[in-house]
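In: okay, sequence plus prediction incoming.
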Amino acid sequence: MRTFDFTPLYRSTVGFDRLFDMLDSGIRSDWPPYDIEKLGDDQYRISMAVAGFAADEIELTQQGNGLLVSGAKTQTEDRADAFLHRGIANRSFKQSFSLADHVKVTDASLENGLLSISLTREVPEQLKPRRIAIGTTEAKPAGEPRQIGQDLKSAA
């Protein structure tokens, strides 16, 4: 259920389509549960509880600014009457994350049912801020008289 109508904002803004699309698609599934941690200025980690899934049953795909984590259980021959209670979910899942510019997946590991995805922001050198030195021109000595049109005549 959507509680906000962004239609008036679409008519009065230019270039913010991606932002409004992210707000519209903000409804996320709550399974599997996950945490997002900020480890440093440019270091992040997504931790997902994927109990019952093996590493070969989980797929990570980064395309542009999107990260898709999907899991599908391989079919096994289970007898339905063998379980008295089935509380570990075996259903497939797809969870997508929108990443900021220049954020890349650097590592992923699965240990004790917890999938850890390490992310790093790597801004290219040409996009980083750089300090520009301000040059000075040689000024004429203060005691030397100048006429207003003198510099224009000498340049011609």
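Out: In hand now; what should we look at?
In: count of residues packed around Ser96?
Out: In terms of burial, Ser96 registers 13 neighbours under the definition other CB atoms under 10 Å. Where you see a C-beta, it was placed from the backbone N, CA and C, and this is true even at glycine.
In: and what of the one 4 residues further on?
Out: Neighbouring residues of Ala100 were enumerated by other CB under 10 Å; the total is 9.
In: so what's the spatially closest residue to it that is not a sequence neighbour bridging to?
Out: Closest residue in space to Ala100, ignoring its immediate chain neighbours: Arg121 at 6.8 Å, by CB to CB, 6 or more residues apart in numbering. Residues in a beta bridge with Arg121, per DSSP bridges, are Val103.
In: check which residues of stretch 60-76 are buried.
Out: Neighbour-count burial for stretch 60-76, counted by 16 or more other CB atoms under 10 Å, picks out 62, 67, 69, 71.
In: let me redo that: stretch 101-116
Out: Neighbour count says stretch 101-116 has 103, 105, 110, 115 buried, by 16+ other CB under 10 Å.
In: lowest average confidence, helix or strand, in the chain?
Out: Per-element confidence for the chain was summarised using mean pLDDT, DSSP states H and E. The lowest value among helices and strands belongs to helix 150-155, with a mean of 53.
In: dump the buried residues of stretch 60-76 to a markdown table, plus secondary structure, pLDDT and distance to Phe53.
Out: Formatted as a markdown table, the entries for the buried residues of stretch 60-76 read as follows, by DSSP: H, G, I helix; E, B strand; the rest coil; pLDDT from 0 to 100; distance: CB to CB, whole Å:
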| residue | secondary structure | pLDDT | distance to Phe53 |
| --- | --- | --- | --- |
| Gln62 | strand | 90 | 19 |
| Leu67 | strand | 91 | 17 |
| Val69 | strand | 92 | 11 |
| Gly71 | strand | 91 | 5 |
